[in-house]
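how does the following fold in three dimensions:
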Amino acid sequence: MPISVMALALMPLIAGPALADDVSGVDGAPAPLFRGMGNHHHAVTTKSRTAQRYFDQGLTLCYGFNHPEAIRSFRGALHHDPQCAMAYWGIAYASGPHVNRPMTREDNDRAWAAIQRALALKAHVTPKERAFIDAMATRYQAEFKEDRADLDKAFADAMRELVKQYPDDLDAQTIFAEALMDTMPWDYWLKDRTPRPETKEAFAALQFVLKRNPDHPGATHYFIHAVEAGPNPEWGLPSADRLLELVPQAGHLVHMPSHIYMRVGQYDDAEIANRRAVKADRSYVQSCAAQGFYPGVYYPHNEHFLWFATFFQGRSADALASARKTAQIAVDNFCGPNKAVEGPRFRHLPWLTQARFGKWDDVLKAPQPPSTNDFLIDRVMWHFVRGLACAAKGNAEAAAREHDALKRLVERGETVKLDDPAFPTTGVLAVANHWLAGKVAEAKGDTAAAIDHLRKAVEAEDALPYMEPPYWPVPVRPALGAVLLKAGKASEAEEVFRKDLQEWPRNGWGLLGLEQSLRAQGKADSAEIVRREFEAAWKRADVKLDLAWF
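Numbers count the residues shown, from 1 in each chain. So this is what the prediction gives:
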């Protein structure tokens, strides 16, 4: 998930001491050795078996993006062997930037202090460990700077030289690939969906690792991220299937297969992954009193994904329950003093779920959100779903009034001010604006205007940055396809529904629309094949899907 954009909102909450040789965490307790963390091993110079176990755990936690807990584990290694140079290397590694989060000044201070300690001890380690330490030293400087492009590139270059010297070290290859990805977070593909040159290089390193060790926790994780937004997310299926069971108590790693499962239409598997991830992360957060970035971002992400998976299965009751739970996270203090970073994406999910399943009376009963700017997005979405409900009930004038209210909010200057890296507000609200405009036009009998607005809604949706779940989580194309079909443009509708299925394979809305588009063209045999696909996709649904909801 491209969470780096959300990390900025949590920065004041994740500062920590520059460096400490103790093993205390936020609760003052010693670093635990967790069960269920897999068996990944990277030998380092130490006479302490316990220090080695802490190091291995810290490295695995880094691969699972739980960097604060990884730092605590590396400090645990130092508690048992204060001369363990690679434990200091680990603190520096875990303190650095990654694809989901940039560095803070406090991170930089910690990383710089740690790598200086590692450099001071490197005479006592193997030549390969010295190479790891020297490479990590290129990643930091004493003075913090926000623009790290030159340092990130320097680290990637240093890791490239390291893997030339030690090509069989799979952790070196994995960290090299990660370093390349850190130079272009979530921007691995060009506009024509071909990989960037650095992406190809990262692919090669990760594929080398996975060929030698398909169970490498870092390579499986990073490979999923590398391919999920590309044209062939199915390339990540072998890694997804392995990662589901590989490190059962690392919640983010357990969750990660769903990034591939959702993209290839395995919605049941995505649900399983996130139910397990929710359980693992709730246990971790509660037992370790964890606060800050990990519980504030990754745990809510699991709940959000669980909603997404059940929603695509057509399980309206379960989807609504998950939507309400996810929305509640936005106001609960489960994650410590900070609330979920993605709150503005969460709070309206219950209404959106009700609307998608045609529960129009429930939609109209939803209370109006507060009138403060903090809830501006919620207010827009409230008018959006109410407008859909009024249009579906045949009340075009009421739908138009909701759209007018929505437009007034969208056109206010405060909307642009809400645009930030965590949420592309104006782009998201443009989708809502055009979608509702299209449904109002349809309700008034202006089919041409309805099609025009819904095409613009699709364009606005397609222009949004990649995110999982998407910033606009309810695909627009089925709505466009349904209007085209009603207008007698079955061939155009077929094209739209096929594109929807390309984006979201095996989804019920796309399959039902495609089947009816084919029947309208007299393609009965093809329609029957698609009908069987729809029945398989909708086998766990609790509602009978209706084109009128689209």
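
from here on, contacts and neighbour counts on C-alpha atoms
Will do.

domain parsing for the chain?
The chain breaks down into these domains under automatic domain parsing: 1-29+41-146, 362-549.

let's have these in JSON lines, adding mean neighbour count and mean pLDDT.
Listed next are the domains of the chain as JSON lines, based on neighbours: other Cα atoms under 10 Å; pLDDT from 0 to 100:
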{"stretch": "domain 1-29+41-146", "mean neighbour count": "21", "mean pLDDT": "85"}
{"stretch": "domain 362-549", "mean neighbour count": "19", "mean pLDDT": "96"}
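
what about stretch 139-147, start to end distance?
One end of stretch 139-147 sits 13 Å from the other (Cα to Cα, to the nearest Å).

what sits up against that stretch?
With contact meaning Cα atoms under 8 Å, 6 or more residues apart in numbering, stretch 139-147 is reached by M103, T104, R105, N108, D109, A111, W112, L151, D152, A154, F155.

one more time with 7 Å
Residues outside stretch 139-147 that contact it (Cα atoms under 7 Å, 6 or more residues apart in numbering) are R105, N108, W112, L151, D152, A154, F155.

do stretch 221-234 as well
Residues outside stretch 221-234 that contact it (Cα under 7 Å, 6+ apart) are 178, 188-189, 193, 206, 235-236, 239, 253, 256, 259-260, 263-264.

got the CA positions of it in PDB?
Only the C-alpha atoms of stretch 221-234 are listed here, as PDB (Å, rounded to 0.1, in the frame of the first residue of the first chain):
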ATOM      1  CA  HIS A 221       6.800  -8.800   0.300                       C
ATOM      2  CA  TYR A 222       8.700  -6.400  -2.000                       C
ATOM      3  CA  PHE A 223       7.900  -8.400  -5.200                       C
ATOM      4  CA  ILE A 224       4.200  -8.100  -4.400                       C
ATOM      5  CA  HIS A 225       4.600  -4.300  -4.100                       C
ATOM      6  CA  ALA A 226       6.600  -4.200  -7.300                       C
ATOM      7  CA  VAL A 227       4.000  -5.900  -9.500                       C
ATOM      8  CA  GLU A 228       0.600  -5.100  -7.900                       C
ATOM      9  CA  ALA A 229       0.100  -1.800  -9.800                       C
ATOM     10  CA  GLY A 230       1.500  -3.200 -13.100                       C
ATOM     11  CA  PRO A 231      -0.200  -4.900 -16.000                       C
ATOM     12  CA  ASN A 232       0.400  -8.400 -14.600                       C
ATOM     13  CA  PRO A 233      -0.400  -8.600 -10.900                       C
ATOM     14  CA  GLU A 234      -0.800 -12.300 -11.300                       C
END
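
quick one: mean pLDDT for it?
Stretch 221-234 comes out with an average pLDDT of 97.

sort out which residues of that stretch are buried, please.
Under the neighbour-count criterion of 16 or more other Cα atoms under 10 Å, stretch 221-234 has H221, Y222, F223, I224, H225, A226, V227, E228, A229, G230, P233, E234 buried.

assumed the second one was part of a strand.
No. Inclusion of Y222 in a strand is not indicated when DSSP: H, G, I helix; E, B strand; the rest coil is applied; the result is helix.
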